[in-house]
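Participant: Pasted the sequence and its predicted model underneath.
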Amino acid sequence: MKKLLGIIVLGLLWGNVSYSNPNNPTNEWLKDKTVNQLTQEYGYKLFSVINDGSNTVLYTLTNKKIVVSCVVASGNPKVKFYCFLP
């Protein structure tokens, strides 16, 4: 029984390692990344930049078939910078 429990725990721990892969990103992994990090360190390409005229800018980045969006809202203290999967 202890061996089975150990195998299950190790399997769960091993499975969580895959979530930190830049080729298979999650919103949790992206939450502390910047546009510069994604382009320079992880090979993402800048696809588009949309400035709506206010203090908000939307960056769209691609890496193969992966699309990531980053919002910069300099006028909003709650959402300064946020990257996510659309």
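Facilitator: Received, thanks.

Participant: Which residue ranges of this structure form helices?
Facilitator: 2-17, 27-30, 35-40 (DSSP state H).

Participant: now could you export just the CA positions of the last one as PDB?
Facilitator: Coordinates of each C-alpha in helix 35-40 appear next as PDB, following Å, rounded to 0.1, in the frame of the first residue of the first chain:
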ATOM      1  CA  VAL A  35       7.100  40.600 -23.500                       C
ATOM      2  CA  ASN A  36      10.900  40.900 -23.500                       C
ATOM      3  CA  GLN A  37      11.300  37.600 -21.700                       C
ATOM      4  CA  LEU A  38       9.000  35.800 -24.000                       C
ATOM      5  CA  THR A  39      10.700  37.200 -27.100                       C
ATOM      6  CA  GLN A  40      14.300  37.100 -26.000                       C
END
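
Participant: So which bits of that helix are buried?
Facilitator: Within helix 35-40, the residues scored as buried using 16 or more other CB atoms under 10 Å are 35, 38. Where C-beta positions appear, they are placed from N, C-alpha and C, glycine not excepted.

Participant: what distance separates that helix from the centre of its chain?
Facilitator: 11 Å (CA atoms, centre = their mean, to the nearest Å).

Participant: hang on, the earlier thing: ranked by average pLDDT, which of the helices of the chain falls at the bottom?
Facilitator: Looking at the helices of the chain, the lowest mean pLDDT belongs to helix 2-17 (a mean of 59).

Participant: what residues are up against Pro22?
Facilitator: Neighbour list for Pro22: 29, 42-43, 63 [criterion: CB atoms under 8 Å, 6 or more residues apart in numbering].

Participant: again but with Phe81, I slipped
Facilitator: By CB under 8 Å, 6+ apart, the neighbours of Phe81 are 34, 70-73.

Participant: How about the residue nearest the centre of the chain, nearest residue that isn't a chain neighbour?
Facilitator: Centroid check for the chain by CA atoms, centre = their mean gives Leu30 as the closest residue, at 2.1 Å. Once flanking residues are discounted, Leu30 sits nearest to Cys83: 4.2 Å by CB to CB, 6 or more residues apart in numbering.

Participant: From Tyr42, how far out is that neighbour?
Facilitator: Distance of Cys83 to Tyr42, given as CB to CB, to the nearest Å: 11 Å.
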